[in-house]
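# this one's sequence-less:
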């Protein structure tokens, strides 16, 4: 039987657990921002553009690995909470993006132009909302 | 599912944190099991039974049984 290392925070993940994924996430965001600036400001050859465009994938994979490792270290209730949070965030993000797009097409709202960064923000906010909701259920 | 976890824990004068440490889970997990908001997995239920040296069916029971 596995004995996961468990922190004493109310939701099973201490602040130190978030350092690595936060750093990888920041690295991914920063490299994507640098890539965007380079594409806008400079006329680069295609092979270099491809390399720059794909470079943010490396820190993104580091972020994914950290999050998966974090989920493996928490206990079974925390895993249930994360499953419920992600199960809420995934379809809710699709609904929010669909609704915003349809309202823009109907001429009610301006086009949201979410892009990938906006999508990530919506996903993170809904993940947090789902996490808080699931934490409250088991308190 | 109902359980006798709180009774067994308090009889030994353990806090929820003490029990959580012994089981290798978070205090929130112990609290959720005690308040019957969460049913533990079979491995965790066996671990609890071993810790309290009781048969598993003496600690956990189906609702209304």
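It's in. Note that the structure is predicted; figures quoted are calculated from it, not measured. Numbering: from 1, shown residues only, chains lettered A, B, ... in the order given.

# for the chain, what spans make up the helices?
The chain I'm using is chain A. In chain A, the helices defined using DSSP state H lie at A:19-41, A:46-54, A:57-73, A:76-105, A:115-137.

# try chain B instead
B:5-11, B:16-23, B:27-34, B:42-52, B:56-59.

# residue ranges with poor pLDDT in chain B?
Filtered on pLDDT under 70, chain B yields the residue ranges B:64-65.

# what does it have sitting close to chain A?
B:17, B:20, B:24-29, B:31-32, B:37-38, B:40-41, B:43-44, B:46-47 (CB under 8 Å from any CB of the partner chain). In short, each C-beta sits where N, CA and C put it, glycine included.

# and with 10 Å instead?
Taking CB under 10 Å from any CB of the partner chain as the criterion, chain B approaches chain A at residues B:17, B:20-21, B:23-33, B:35, B:37-38, B:40-44, B:46-47, B:50.

# re the thing from before, nearest to chain B, out of the helices of chain A?
Of all the helices of chain A, helix A:76-105 sits nearest to chain B, with 4.1 Å by CB to the nearest CB.

# the closest one to helix B:42-52, inter-axis angle?
150 degrees (axes from the mean of the first three to the mean of the last three CA atoms, to 10 degrees).

# is helix A:76-105 up against chain B anywhere?
Yes - counting by CB under 10 Å from any CB, chain B is contacted by helix A:76-105 at A:76-81.

# burial of residue 49, as a residue count?
No chain specified, so I'll use chain A. Neighbourhood size, residue A:49 [other CB atoms under 10 Å in any protein chain shown]: 15.

# looking at chain B here, not the other one
Using other CB under 10 Å: residue B:49 sits among 16 other residues.

# same question for the one 5 residues further on.
Using other CB under 10 Å, residue B:54 has 14 neighbouring residues.

# for it, what are phi and psi?
Backbone torsions for residue B:54, taken as degrees, to the nearest 10, come to phi -130, psi 150.

# that one contacts residue B:3, correct?
No - at 11.1 Å, residue B:54 does not count as touching residue B:3 under the criterion of CB atoms under 10 Å.

# what is in contact with those two at once?
Applying CB atoms under 10 Å, 6 or more residues apart in numbering or on different chains, one finds that residue B:54 and residue B:3 are jointly contacted by B:48, B:60.
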